[in-house]
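A.B. asks: I'll drop the sequence and a predicted model, then ask my questions.
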2 protein chains.
Amino acid sequence: MATVIPPPLGVLISEVGPRDGLQSVAATMATAHKLRWLDALHASGIREVEVGSFVPPKLLPQMADVAEVVRHALALPGWTVMALVPNLRGAEAALAAGVHKLTIPVSASAAHSLANVRKTREEMVAEVARIVALRNATAPAVPIEVGMSTAFGCTLQGAVADAEVLWLASELVRVGVDEVGLSDTTGMANPAQVRRLFLALRAEIGSKAGAAHMHNTRGLGLANCLAAYEAGVRTFDASLGGLGGCPYAPGASGNVVTEDLVFMFEAMGIATGIDLATLFQARAPLLAGLPGEAIYGMTPEAGLPKNFTQGSQNV
Amino acid sequence: MATVIPPPLGVLISEVGPRDGLQSVAATMATAHKLRWLDALHASGIREVEVGSFVPPKLLPQMADVAEVVRHALALPGWTVMALVPNLRGAEAALAAGVHKLTIPVSASAAHSLANVRKTREEMVAEVARIVALRNATAPAVPIEVGMSTAFGCTLQGAVADAEVLWLASELVRVGVDEVGLSDTTGMANPAQVRRLFLALRAEIGSKAGAAHMHNTRGLGLANCLAAYEAGVRTFDASLGGLGGCPYAPGASGNVVTEDLVFMFEAMGIATGIDLATLFQARAPLLAGLPGEAIYGMTPEAGLPKNFTQGSQNV
């Protein structure tokens, strides 16, 4: 099940901007710009990238070129090319395009699941099982990850009980998912909750506990990543420039900013494999492809500290 | 030595905006606006406030009215009114004004000390000793805190050795300082360093280890506060709206944003004594007094999460 490159270093930063970021903004980035942006991300040392969603173009025109984007990303060596698929049809297309890894969003919140995909959580587990069967039959080397959205709270129903998150995670593992990560879709998580829930997730599903996908909606993104790290998480989703703003909170960035997250880990002496100066350069093709879009990032704005060198000497 | 109100709750948030924030912006807030802002901060439950600096008005015209501001703050019940004093002359004026507590900045970086106050660190320790002698003779109930600036790195000299921080802290305690806190003046700290240095500080000077004063220059402010909390720190400096931008990094806020810090602790079930909704209302008089100034704060922009109530039920 694991042809994907394992993280040889301290932590694996999974860049989700080309998917999560681009599908959250109103504008559509032209394909040529996407490819240049991917080249720049790859050059920085990013080792896992979520390049797009396999969804009907009429629902998400930003992703209409996903097969071409996947083809380009697959030609770049040494990284894991992942695509989001919301259902079996998307998985068929993604596997046909040759992606290395699939990620499926499943809501922990019953209300969010119905609102977002018009399926109950049980129906989504059944859909995931069908995707697993397809994968087993046609592409057994492709891992399947679930990113469990609204795991820390939901704008529709408010709190989500830990027990529901753990029940859903074990159901997903039961039907054959390789990794279950937890997403703070709504920016409601706090560090105590993050630590508690990831520890409980590991107790429930062991090494199949996956990535932390944190948002910076209320400024706690990096603190929540730190808490997740302390709870044993070693894969972190992030978005260059924090692309993927929270639509209901103007000025509030959505995803954790890749640049700041990489700076935090590297400053702590925890290797990411990513060169910060080169990563900062990947902001230019992003901005070129989305003129006028607000992007975030405190570290690129402030610059690296005097005499900063990546590695343990800063610890 | 301790007439000051001790923190009865989980953590003590020390609001430094009226001093650190106002002296970092070019505009001068009119006295009437300062008083309204202080009223609003007090109403939210803030229990310690740094109201100004006792420095020559020609150096810092923003602080020319500090005695009047102190007088107003002292009339509000139930909080500790603190002023910054850079030298003996400032301390004389602050004690004459009747402040509850003095805070003195002392640089851990030799280069920064010379550049900032034209004194070596040893000369600053001697100046602090003179302030302690004055306090002992004239106002023995007034605690003296040192905020050790550049404790986590310096834009002039780069890294600052832990051993220098600990040496300076023990020197300051030797001459009679009641608390020594550590300041990330330049936004260079990382959580591993914060945890290590505060644990070492406590090992060196015990219960005289004081506040964490973190900046958000590179986005790590809250993560660093979390790390400090885990190392036993229970007093945190912060600035409403993150006022006190970093002059060399446009767009990068300086001090940790009080609103986001209070949200983080309250969401974790760690009481601050501060009511978030009332705290958000204190942004209006701040903005009224500094029209056009950029202020920060993700939580006030996003709003509190659905069904959020302050206290342990969110943990």
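C.D. replies: Alright, I've got the coordinates. Note that the structure is a prediction, hence the values are computed from the model and not measured. Residues are numbered from 1 along each chain as shown, chains lettered A, B, ... in the order given.
A.B. asks: report the contact partners of the residue nearest in space to the middle of chain A.
C.D. replies: In chain A, the C-alpha nearest the mean C-alpha coordinate belongs to A:Asp237, at 3.9 Å (Cα atoms, centre = their mean). A:Asp237 sits next to A:14, A:16, A:20, A:50, A:147, A:181, A:183, A:211-214, A:255-256 when contact means Cβ atoms under 8 Å, 6 or more residues apart in numbering or on different chains. Every residue, glycine included, has its C-beta placed from N, CA and C.
A.B. asks: which parts of the stretch 51-200 of chain A are strands?
C.D. replies: Counting by DSSP state E, counting those that start in this stretch, the stretch 51-200 of chain A has these strands, from start to end: A:80-84, A:101-107, A:144-149, A:179-183.
A.B. asks: check which helices and strands the first one sits against.
C.D. replies: When contacts are defined as 3 or more Cβ pairs under 8 Å, 6 or more residues apart in numbering or on different chains; DSSP states H and E, strand A:80-84 sits against strand A:48-53, helix A:66-74, helix A:88-97, strand A:101-107.
A.B. asks: including mean neighbour count, distance to A:Leu156 and mean pLDDT, could the strands of the stretch 51-200 of chain A go into JSON lines?
C.D. replies: Below are the strands of the stretch 51-200 of chain A laid out as JSON lines (neighbours: other Cβ atoms under 10 Å in any protein chain shown; distance: least, Cβ to Cβ, whole Å; pLDDT from 0 to 100):
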{"stretch": "strand A:80-84", "mean neighbour count": "26", "distance to A:Leu156": "21", "mean pLDDT": "98"}
{"stretch": "strand A:101-107", "mean neighbour count": "25", "distance to A:Leu156": "10", "mean pLDDT": "97"}
{"stretch": "strand A:144-149", "mean neighbour count": "25", "distance to A:Leu156": "12", "mean pLDDT": "97"}
{"stretch": "strand A:179-183", "mean neighbour count": "25", "distance to A:Leu156": "15", "mean pLDDT": "98"}
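A.B. asks: could I get these in CSV, plus columns for distance to A:Thr278?
C.D. replies: CSV is the format used below for the strands of the stretch 51-200 of chain A (distance: least, Cβ to Cβ, whole Å):
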stretch, distance to A:Thr278
strand A:80-84, 19
strand A:101-107, 24
strand A:144-149, 26
strand A:179-183, 26
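A.B. asks: and the helices in the stretch 151-300 of chain A?
C.D. replies: A:162-174, A:191-205, A:221-230, A:258-267, A:276-281, A:283-289, A:298-302 (DSSP state H, counting those that start in this stretch).
A.B. asks: looking at these, which has the lowest confidence?
C.D. replies: Among these, helix A:298-302 carries the lowest mean pLDDT, a mean of 92.
A.B. asks: check whether that one contacts chain B.
C.D. replies: Yes - judged by Cβ under 8 Å from any Cβ of the partner chain, helix A:298-302 and chain B are in contact via A:298-299, A:301-302.
A.B. asks: what of stretch A:143-151?
C.D. replies: No - using Cβ under 8 Å from any Cβ, we find that stretch A:143-151 stays clear of chain B, coming within 11.2 Å at best.
A.B. asks: how distant is that stretch from the center of its chain?
C.D. replies: 9 Å (Cα atoms, centre = their mean, to the nearest Å).
A.B. asks: and what of stretch A:57-74?
C.D. replies: 17 Å.
A.B. asks: start to end distance for it?
C.D. replies: 21 Å (Cα to Cα, to the nearest Å).
A.B. asks: return the set of buried residues in it.
C.D. replies: A:60, A:62-67, A:69-70, A:72-73 (16 or more other Cβ atoms under 10 Å in any protein chain shown).
A.B. asks: closest to A:Ala151 out of those?
C.D. replies: A:Leu60 (22.9 Å; Cβ to Cβ).
A.B. asks: so what's that closest one up against?
C.D. replies: Contacts of A:Leu60 (Cβ under 8 Å, 6+ apart): A:23, A:53.
A.B. asks: try A:Glu48
C.D. replies: A:12-15, A:79-80, A:82, A:101, A:235.
A.B. asks: how about those, which pair is most distant?
C.D. replies: Once Cβ to Cβ is applied, the contacts of A:Glu48 give A:Ile13 and A:Lys101 as the farthest pair, at 14.9 Å.
A.B. asks: quick one on the thing from earlier: what bridges to the nearest residue to the residue nearest to the centre of chain A once chain neighbours are set aside?
C.D. replies: Nearest residue to A:Asp237, sequence neighbours excluded (Cβ to Cβ, 6 or more residues apart in numbering or on different chains): A:His213, at 4.0 Å. On the basis of DSSP bridges, A:His213 is bridged to A:Ser183, A:Asp237.
A.B. asks: for A:His213, the count of nearby residues, please.
C.D. replies: By other Cβ atoms under 10 Å in any protein chain shown, the residues close to A:His213 number 28.
A.B. asks: mind checking how far it is from A:Phe265?
C.D. replies: 16 Å (Cβ to Cβ, to the nearest Å).
A.B. asks: check A:Ala227 too.
C.D. replies: 14 Å.
A.B. asks: next one, pLDDT for A:Gly245 please.
C.D. replies: Note on A:Gly245: pLDDT of 61.
A.B. asks: and of the contacts of A:Asp237, the nearest to chain B?
C.D. replies: Chain B lies nearest to A:Val256 out of these, by Cβ to the nearest Cβ, at 9.2 Å.
A.B. asks: which ones are touching the nearest residue to that closest one once chain neighbours are set aside?
C.D. replies: Closest residue to A:Val256 apart from its sequence neighbours, by Cβ to Cβ, 6+ apart: A:Gly221 at 4.0 Å. Counting by Cβ under 8 Å, 6+ apart, A:Gly221 makes contact with A:187, A:214-215, A:255-257, A:261.
A.B. asks: what of A:Leu114?
C.D. replies: A:Thr120.
A.B. asks: before we move on, what's the pLDDT of it?
C.D. replies: So, for A:Leu114, pLDDT stands at 93.
A.B. asks: mind listing what the closest residue in space to A:Ser113 that isn't next to it in sequence touches?
C.D. replies: Spatial nearest neighbour of A:Ser113, chain neighbours left out: A:Ser107 (3.8 Å); criterion: Cβ to Cβ, 6+ apart. Shown in contact with A:Ser107 (Cβ under 8 Å, 6+ apart): A:113, A:116-117, A:121, A:124, A:148-150, A:154.
A.B. asks: looking at the contacts of A:Glu48, which is nearest A:Thr28?
C.D. replies: The nearest one, if we look at the contacts of A:Glu48 relative to A:Thr28 and count by Cβ to Cβ, is A:Glu15, at 19.2 Å.
A.B. asks: could I have the longest helix seen in chain A exported to PDB, CA atoms only?
C.D. replies: The residue-count maximum for a helix in chain A (DSSP state H) belongs to helix A:121-138. Provided in PDB are the C-alpha atoms of helix A:121-138 (Å, rounded to 0.1, in the frame of the first residue of the first chain):
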ATOM      1  CA  ARG A 121     -21.900  10.200   7.600                       C
ATOM      2  CA  GLU A 122     -22.900   6.500   7.300                       C
ATOM      3  CA  GLU A 123     -23.600   7.100   3.600                       C
ATOM      4  CA  MET A 124     -20.200   8.700   3.200                       C
ATOM      5  CA  VAL A 125     -18.500   5.700   4.900                       C
ATOM      6  CA  ALA A 126     -20.300   3.400   2.400                       C
ATOM      7  CA  GLU A 127     -19.000   5.700  -0.400                       C
ATOM      8  CA  VAL A 128     -15.500   5.500   1.000                       C
ATOM      9  CA  ALA A 129     -15.800   1.700   1.100                       C
ATOM     10  CA  ARG A 130     -16.700   1.700  -2.700                       C
ATOM     11  CA  ILE A 131     -13.600   3.900  -3.400                       C
ATOM     12  CA  VAL A 132     -11.500   1.500  -1.400                       C
ATOM     13  CA  ALA A 133     -12.900  -1.500  -3.400                       C
ATOM     14  CA  LEU A 134     -12.100   0.400  -6.700                       C
ATOM     15  CA  ARG A 135      -8.600   1.100  -5.400                       C
ATOM     16  CA  ASN A 136      -8.000  -2.500  -4.400                       C
ATOM     17  CA  ALA A 137      -9.100  -3.700  -7.800                       C
ATOM     18  CA  THR A 138      -7.400  -1.200 -10.000                       C
END
